[in-house]
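Q: mind looking at a prediction? Sequence and model below.
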Amino acid sequence: MTTTRRKFLTTGALAAGTASLAAPALAQAPIKWRMQTYAGTALGEHVCKPAVDAFNTIANGQMEIELYYSDQLVPTSELFRAMQKGTIDAVQSDDDSMASPTDVTVFGGYFPLALRYSLDVPVLFNNYGLNEIWGEEYAKVGVKHISAGSWDPCHFSMKDPVTSLADLKDKRVFTFPTAGRFLTQFGVVPVTLPWEDIEVALQTGELDGVAWSGITEVYTASWVKSAPHFLTNNISGAWIGHFFANMDRWNELPPHLQQLMRTSFEASHYYRQHWYWGGEAKLRVEGADTKLTAIPDAEWATVEEAAQKFWDEIAAESPVKAKVVEIIKAYNTNMSKAGRPYRYS
């Protein structure tokens, strides 16, 4: 009994001391991050909020991400600078919309005719080396590229029907910077506005249409009433978007929270894969407020040829851009050679 009691007094005291030293760590406030998405509230409920909610739940009080929607903290065009400075800790956006100062910016959002399907995006990033290129380019400017994923394809949704390229001439269209640069050769007048202003701009006639999304977002964003004519030819088969973080904030996180964030965002990419893929088809068939139109394949082939020339123009701008274009070309060549179901033409 004496030996047992003596052992308890020494080991028990040590344990109690260790517990008292550990207590303040348990009492620490959770890590707080602010994240802003490019998406408005209705769209953000699908493309970002589920991932953030899942992260906050699993983090179990150790960390919390506060989610803000399009333009709530800063305008979308200022997202990169705000994140770089640490005003915002993390961002969900494409490179193009947030005007990131990197050589890969033009490939974010919708790089014209580079992608046929949403699965092209994760394959290019995970199997063809784009993850490494994006990681290096953003590290140069103090930002962590966490992951890339695909969103919906890019179609025209217009007030008036479009059945030929001539119907696009002089039309004022809300679209992405690089897509707008490409489309000007067909007479399109690109317009940039805050996301939340698009619906009113369509109603007032400031815009003739949008080339910003697929049919799912036309309905989700309530643009369908003012722009009911949906062109089935697309500029791109998928949007390339990402999750980013301020590099210093990222490096401050313990490894398990970094991994939890990666995993939560990968789940977000998967959710969008099936939400958009199924939603696009269902709304084409069942969407009562839209009317489908098409430009004949022979005429649309001129757009595809113009895209190839556009790629070469972009490639000539820098070695990094040339490397990405080379990868995109090699990938599409492989997909074409593979045939169905990877490519049908």
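A: Right, received. Where do you want to start? Since we're looking at a predicted model, the values are computed, not measured.
Q: wouldn't residue 49 be in contact with residue 66 here?
A: No: using Cβ atoms under 8 Å, residue 49 is not in contact with residue 66; the gap is 11.6 Å. The C-beta positions use only the backbone N, C-alpha and C, and glycine is treated the same way.
Q: in the sheet, who's paired with residue 229?
A: For residue 229, the beta-bridge partners are residue 158, residue 291 (DSSP bridges).
Q: count of neighbours near it?
A: 18 (other Cβ atoms under 10 Å).
Q: thinking again about what came up before, between residue 49 and residue 66, which one's more packed in?
A: Ranked by neighbour count (other Cβ under 10 Å), residue 49 and residue 66 place residue 49 first, with 17 against 13.
Q: excluding its backbone neighbours, what's nearest residue 300?
A: residue 233 (5.0 Å; Cβ to Cβ, 6 or more residues apart in numbering).
Q: count of residues packed around the one you found?
A: 17.
Q: so which helix or strand takes in it?
A: strand 229-236 (DSSP states H and E).
Q: list the buried ones in that strand?
A: Under the neighbour-count criterion of 16 or more other Cβ atoms under 10 Å, strand 229-236 has 229-231, 233-236 buried.
Q: tabulate the residues you listed (a markdown table), appending distance to residue 141 and pLDDT.
A: Formatted as a markdown table, the buried residues of strand 229-236 follow (distance: Cβ to Cβ, whole Å; pLDDT from 0 to 100):
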| residue | distance to residue 141 | pLDDT |
| --- | --- | --- |
| 229 | 40 | 98 |
| 230 | 37 | 98 |
| 231 | 36 | 98 |
| 233 | 36 | 97 |
| 234 | 31 | 96 |
| 235 | 28 | 96 |
| 236 | 25 | 97 |
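Q: out of these, flag the one nearest to residue 140.
A: If you rank the buried residues of strand 229-236 by distance to residue 140 using Cβ to Cβ, residue 236 comes first, at 26.3 Å.
Q: how far away is that closest one from residue 211?
A: 10 Å (Cβ to Cβ, to the nearest Å).
Q: any shared contact partners between the two?
A: Here residue 236 and residue 211 have 154, 179 as joint contacts, going by Cβ atoms under 8 Å, 6 or more residues apart in numbering.
Q: report the contact partners of the spatially most central residue of the chain.
A: The chain has residue 241 as the residue nearest its centroid, 2.1 Å off, counting by Cα atoms, centre = their mean. Residue 241 is in contact with 38, 92-94, 108-109, 148-151, counting by Cβ under 8 Å, 6+ apart.
Q: now intersect the residues you listed with the strands, please.
A: 92-93, 148-150 (DSSP state E).
Q: and which of the residues you listed is nearest residue 282?
A: residue 150 (18.1 Å).
Q: tell me what that closest one is bridged to.
A: Beta-bridge partners recorded for residue 150 (DSSP bridges): residue 240.
Q: what's near enough to touch it?
A: 115, 118-122, 238-241, 269, 272-273, 276.
Q: what about residue 246, how many residues nearby?
A: Residues within reach of residue 246, counting by other Cβ under 10 Å, total 22.
Q: any idea how far it is from residue 73?
A: 14 Å.
Q: quick one, helices of the stretch 51-200 of the chain?
A: 79-85, 120-127, 130-139, 177-183, 198-204 (DSSP state H, counting those that start in this stretch).
Q: which among these is found nearest to residue 282?
A: Among the helices of the stretch 51-200 of the chain, if distance is taken as Cβ to Cβ, the winner is helix 120-127, at 21.3 Å.
Q: so for that closest one, mean pLDDT?
A: On average, the pLDDT along helix 120-127 is 98.
Q: for that helix, name the packing helices and strands.
A: The contact analysis (3 or more Cβ pairs under 8 Å, 6 or more residues apart in numbering; DSSP states H and E) places helix 120-127 against helix 130-139, strand 143-150, helix 319-338.
Q: how about the ones you listed in a markdown table, adding distance to residue 197 and mean pLDDT?
A: Shown next, in a markdown table, are the helices and strands packed on helix 120-127 (distance: least, Cβ to Cβ, whole Å; pLDDT from 0 to 100):
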| stretch | distance to residue 197 | mean pLDDT |
| --- | --- | --- |
| helix 130-139 | 29 | 98 |
| strand 143-150 | 26 | 98 |
| helix 319-338 | 31 | 97 |
